[in-house]
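Asker: sequence first, then the predicted structure, then my questions.
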Amino acid sequence: MKKEAAQTLRAFLVELVIYAVLVVAYFFLVLHFLGEGLQRLEQNHRYGYAGVAILLMIGQAVVLQNVTTFLLRFIRGRAE
Amino acid sequence: MFFPISGAHISPFYLVIVGFVIGILGGFFGVGGSFIAGPALRVVGLDWNFAVGTDLAHIVGKSVVAVRQHRAFGNVDLKLGFIMAIGTIAGAEIGAQLIQMLKRAGNVNLVVSIVSIAVYISISTFMIWESRKTLRSKKGGTVAPPTAAAKKHDPSSFDHVTRSIQRWNLPPMIHLPASGVTISLWIIILVAFIGGLFSGFLGGGAGYIRMPSMVYVLGIPTHLAVGTDLFEIIISASYGTFSHAVKGNVDILIALVMHTGAAVGAQIGAICTQYFAGPKIRLAFVPLPLIGAAIVIYTLMTGHKL
């Protein structure tokens, strides 16, 4: 039981580290390029911006959950 | 990091950590967490209007992650969530109108502050009484981490009142197979409407009112109340995000960065509910409205809006 808990914790920590690297890359690559376009949209087409904002949020939620699930399965699979 | 839409300079790591903490709370308790996110964004210099709108956008993403996790555990009643969303949106609109009326009368801050302090303290007092009583009783005290079947038989010391509410035969009666409850549509709408009213009146998602009222008034088991509340939050917070974005109150880049932390936190929170029985989740919920009350008292005494 203790061994299993330790394994899960280790897998989770490894996942967090990999996730953190991916997220930092995401900040500087994706958000940097998105910023200007979104700012223009926000200034000129408020309704369009509102729709895009919700779609981006939901899209990111689905993608990030799939990434974390994949990472955890991958790391656990390698550990076993 | 510079966020061009709001013109704010905020460390992305700070946003990720704030998102992570709120994600855990949201996934575990089914609340939006705006009582923490709002002040946390204000502290780093974001204008109040941007803090409110951006927080709502981030809540949408966090709730999507938590709901998907809760749904995998069978903790979401979609039918109930859709019905409640109608009442919540109507209530939120009327709550916002009420605020406008009070603004014109010139005493909005004092009225909203006193009402919110009374509501927060009442919820906490009631929940601490009920959950402790349930845990001390035989049926609550022996509750182990719940199985799927045990989730539908969530013991509560308030059961007798809930059952008499469920017996009110006010057609149409709605059967909710996922929650194992049959109840009048009007009672569901009323509960959602009151939650929405507080959301529009006090700000935030008002999960601290809706989650307990789903448990005590509608008789929804705690685990399902958490998951369904989050599902309902996706709909109402999306509506709020759209409305605020049109008014120029949403910096979606800040929300996206916060959400990278919240995505992990929300999953951890949702998974943690599997290790606690309903009364224990309700007992752990008690400090949340008290934190809200403390923030309002601080604002009232110092004049600084957190």
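Answerer: Yep, that arrived.

Asker: from here on, contacts and neighbour counts on C-alpha atoms
Answerer: Noted.

Asker: what's the neighbour count on the closest residue to chain A within the stretch 51-200 of chain B?
Answerer: With Cα to the nearest Cα, the shortest gap between the stretch 51-200 of chain B and chain A falls at B:Gly61, namely 5.1 Å. By other Cα atoms under 10 Å in any protein chain shown, 32 other residues sit near B:Gly61.

Asker: repeat for B:Pro171
Answerer: With other Cα under 10 Å as criterion, B:Pro171 counts 10.

Asker: got the phi and psi for it?
Answerer: phi -60, psi 150 (degrees, to the nearest 10).

Asker: ok, it touching B:Leu185?
Answerer: Yes: contact status for B:Pro171 versus B:Leu185: in contact at 7.2 Å, counting by Cα atoms under 8 Å.

Asker: quick one: contacts for A:Met57?
Answerer: Contact partners of A:Met57, counting by Cα atoms under 8 Å, 6 or more residues apart in numbering or on different chains, are B:Ala57, B:His58, B:Val60, B:Gly61, B:Ile252, B:Ala255, B:Leu256.

Asker: what does B:Pro12 give?
Answerer: B:Pro12 neighbours (Cα under 8 Å, 6+ apart): B:Met1, B:Val257, B:Met258.

Asker: state the distance from the first one to B:Ser11.
Answerer: I take that to be B:Met1. Per Cα to Cα, to the nearest Å, B:Met1 is found 6 Å from B:Ser11.

Asker: cool, A:Ala6 as well?
Answerer: 32 Å.

Asker: secondary structure element for the nearest residue to B:Ala96 once chain neighbours are set aside?
Answerer: The shortest distance from B:Ala96 to any non-neighbouring residue, by Cα to Cα, 6 or more residues apart in numbering or on different chains, is to B:Gly200 (4.6 Å). For B:Gly200, the host element (DSSP states H and E) is helix B:185-202.

Asker: over to B:Phe126?
Answerer: Since the elements are taken from DSSP H and E, B:Phe126 ends up inside helix B:108-136.

Asker: mind listing what's buried along the helix or strand B:Phe13 falls within?
Answerer: Applying DSSP H and E as the criterion places B:Phe13 in helix B:12-29. Buried residues in helix B:12-29, counted by 16 or more other Cα atoms under 10 Å in any protein chain shown: B:12, B:14-29.

Asker: cool, stretch B:57-75 as well?
Answerer: B:57-71, B:73-75.

Asker: part of a helix, is B:Ile5?
Answerer: No: assigned with DSSP: H, G, I helix; E, B strand; the rest coil, B:Ile5 falls outside any helix and is coil.

Asker: ok, it - contacts?
Answerer: For B:Ile5, counting by Cα under 8 Å, 6+ apart, the contacting residues are A:Gly35, A:Leu38, A:Gln39, A:Glu42, B:Asp251, B:Leu253.

Asker: export those residues to TSV and tack on distance to A:Thr68?
Answerer: Output for the contacts of B:Ile5, formatted as TSV (distance: Cα to Cα, whole Å):
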residue	distance to A:Thr68
A:Gly35	25
A:Leu38	26
A:Gln39	29
A:Glu42	31
B:Asp251	25
B:Leu253	21
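
Asker: now for the residues you listed, which pair is the farthest apart?
Answerer: Largest separation among those by Cα to Cα: A:Glu42 and B:Leu253, giving 11.6 Å.

Asker: and the two? Which one has more around it.
Answerer: B:Leu253 (27 against 24).

Asker: tell me the contacts of the more buried one?
Answerer: A:Leu31, A:Gly35, B:Phe3, B:Ile5.

Asker: now, among these, which is nearest to A:Val67?
Answerer: Nearest to A:Val67 among those, with distances taken as Cα to Cα, is A:Leu31, at 17.7 Å.

Asker: now that closest one: closest residue in space that isn't a chain neighbour?
Answerer: B:Leu253 (7.0 Å).

Asker: is the one you found in a helix, a strand, or coil?
Answerer: B:Leu253 - assigned by three-state DSSP - is helix.
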